[in-house]
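Peer 1: Quick check, what structure comes out for this input:
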Amino acid sequence: MKTNKLALGFIMIMLLFVTACNNTTQTTENHKASETRTYKSTRGDVDIPTHPKRIVTDFYTGELLTVGANVVGSGSWSFKNPFLKDQLKSVTDLGDPINVEKVMKLKPDLIVIMKEDNYDKLSKIAPTVVIPYNTTKNIQETGKMFGDITGKKDKAKQFLADFDQKSKSARQKIAKVIDKDATFGIYENTDKGKFWVFNDNGGRGGQAIYNALGLKAPDQINKDIIKTGEMKELSLEVIPEYAADYMFITDYNPNGDSKTLAKLKQSSIWNNLEAVKQNRVFINDFNTFYPYDPISVSKQVDLITEMLVKRAKENKTK
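Peer 2: The predicted model follows:
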């Protein structure tokens with residue numbers, strides 16, 4: 001009898017202990033979820049969750065996914081990014097501009113936007129941080145910023161360490177197939193017949209080519225484009241002034257029926273470019289090379305490395 005009473009007493013004590021632990025854990029988790037901090041935004045100080053659980057964004061999906069944040073809703077353009085396809089299966093397409101009613105239904109605890117059009121309405125739904133276009137200049141700055149905003153600095157640090165290692169490996173591969181003084185240029189041909197030259201932070205592979213791989217731009221591009229942080233439309237006649245030994249061209253042809261690139265290739269100016277003569281021109285898909293979030297840039301490093309190695313082999317056998 002005494003033994004049974006002792007056993008029953010022991011069980012009661014254990015039940016009380018487990019209940020107390022569960023309550024403490026639940027309280028800790030609830031407290032953690034409700035913690036906030038002040039973030040200095042372009043729209044002033046904003047109280048944001050220290051560890052946001054449900055994030056909505058218009059343009060920064062890739063940046064947020066880079067640091068392992070939970071994105072529940074995104075602007076439409078992110079769904080065209082081939083590098084994010086698998087990670088967006090359960091993410092809601094919010095349109096462009098993002099639909100306020102759809103955002104409300106998702107019950108986000110943090111909203112991160114580039115465009116301020118609906119800031120007043122969005123900020124009533126959840127704390128809203130505005131990050132203007134071109135706020136960060138490279139992968140390192142981007143990773144650190146979004147790691148900070150989402151409370152995932154460790155994830156950002158790990159991504160950047162892996163990215164740095166990948167870039168070093170890629171540079172070693174490329175060094176075996178290109179001249180150390182070779183120059184590289186980034187351009188875009190559009191369906192309207194416009195021809196642009198880009199800097200190191202305007203998408204189109206700029207961060208991969210100039211920052212990650214450390215490849216050189218021609219003097220004219222370096223002076224007029226990269227140092228100014230601008231992009232520039234070129235007339236056909238001045239393309240030779242901005243030409244490089246290797247030319248990477250995105251073809252903006254959203255409807256698939258543009259003939260402007262074919263027309264460009266028929267011109268004598270084009271065919272007299274050294275890069276054309278040496279078979280060092282690369283025509284690339286817009287959706288693949290437009291993005292500049294860290295995930296996309298990392299994948300672009302792989303693609304560009306493969307292109308250069310493969311083309312070197314092709315040219316060698318000719």
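Peer 1: Let me know the secondary structure of residue 166.
Peer 2: Here residue 166 takes the helix state, with states given by DSSP: H, G, I helix; E, B strand; the rest coil.
Peer 1: contacting residues around it?
Peer 2: By CB atoms under 8 Å, 6 or more residues apart in numbering, residue 166 lies in contact with 212, 298, 301-302. (Each C-beta comes from the backbone N, C-alpha and C, glycine too.)
Peer 1: And those residues, which of them are buried?
Peer 2: With burial judged by 16 or more other CB atoms under 10 Å, the buried subset of the contacts of residue 166 is 212, 298, 301.
Peer 1: Secondary structure element holding the second one?
Peer 2: Counting by DSSP states H and E, the secondary-structure element that holds residue 298 is helix 294-316.
Peer 1: Which other helices and strands does that helix contact?
Peer 2: Secondary-structure packing of helix 294-316 (3 or more CB pairs under 8 Å, 6 or more residues apart in numbering; DSSP states H and E): helix 61-66, helix 139-149, helix 153-175, helix 286-289.
Peer 1: low-scoring pLDDT stretches of the stretch 51-200 of the chain, where are they?
Peer 2: Judged by pLDDT under 70, the stretch 51-200 of the chain has no weakly predicted residues.
Peer 1: sorry, back to before: now the contacts of residue 166 as JSON lines including distance to residue 204 and pLDDT?
Peer 2: Formatted as JSON lines, the contacts of residue 166 follow (distance: CB to CB, whole Å; pLDDT from 0 to 100):
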{"residue": "212", "distance to residue 204": "14", "pLDDT": "94"}
{"residue": "298", "distance to residue 204": "16", "pLDDT": "97"}
{"residue": "301", "distance to residue 204": "14", "pLDDT": "97"}
{"residue": "302", "distance to residue 204": "16", "pLDDT": "97"}
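Peer 1: ok, back up a step: of all the helices and strands packed on helix 294-316, which lies closest to residue 204?
Peer 2: For residue 204, the closest of the helices and strands packed on helix 294-316 is helix 286-289, at 5.2 Å, according to CB to CB.
Peer 1: tell me the mean pLDDT for that closest one?
Peer 2: The pLDDT scores in helix 286-289 average 94.
Peer 1: quick one: it to chain centroid distance?
Peer 2: Relative to its parent chain, helix 286-289 has a centroid offset of 12 Å by CA atoms, centre = their mean, to the nearest Å.
Peer 1: The residue lying closest to residue 178 once chain neighbours are set aside: neighbour count?
Peer 2: Excluding the flanking residues, the one nearest residue 178 by CB to CB, 6 or more residues apart in numbering is residue 308, at 6.3 Å. The local packing of residue 308 (other CB atoms under 10 Å) involves 24 other residues.
Peer 1: I'd guessed residue 308 sits against residue 245; true?
Peer 2: No. Counting by CB atoms under 8 Å, residue 308 sits too far from residue 245 to count as a contact (11.3 Å).
Peer 1: thinking again about what came up before, list the buried ones in the helix holding residue 298?
Peer 2: In helix 294-316, the ones that count as buried by 16+ other CB under 10 Å are 294-301, 303-305, 308-309, 311.
Peer 1: got the residues you listed as TSV, with distance to residue 167 columns?
Peer 2: Below are the buried residues of helix 294-316 laid out as TSV (distance: CB to CB, whole Å):
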residue	distance to residue 167
294	12
295	14
296	14
297	10
298	9
299	13
300	11
301	6
303	14
304	11
305	10
308	14
309	15
311	20
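Peer 1: Return the closest of the residues you listed with respect to residue 65.
Peer 2: Checking these against residue 65 by CB to CB gives residue 295 as the nearest, at 6.3 Å.
Peer 1: Show me the domain layout of this structure.
Peer 2: What automatic domain parsing lists as the domains of the chain is 35-155, 169-316.
Peer 1: TSV please, covering the ones you listed and showing distance to residue 161.
Peer 2: Output for the domains of the chain, formatted as TSV (distance: least, CB to CB, whole Å):
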stretch	distance to residue 161
domain 35-155	10
domain 169-316	12
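Peer 1: mind checking which of these is nearest residue 162?
Peer 2: domain 169-316 (8.2 Å).
Peer 1: got the end-to-end distance for the closest one?
Peer 2: Domain 169-316 has its terminal residues 23 Å apart, counting by CA to CA, to the nearest Å.
Peer 1: next one: stretch 223-239
Peer 2: Criterion CA to CA; first-to-last residue distance in stretch 223-239 is 15 Å.
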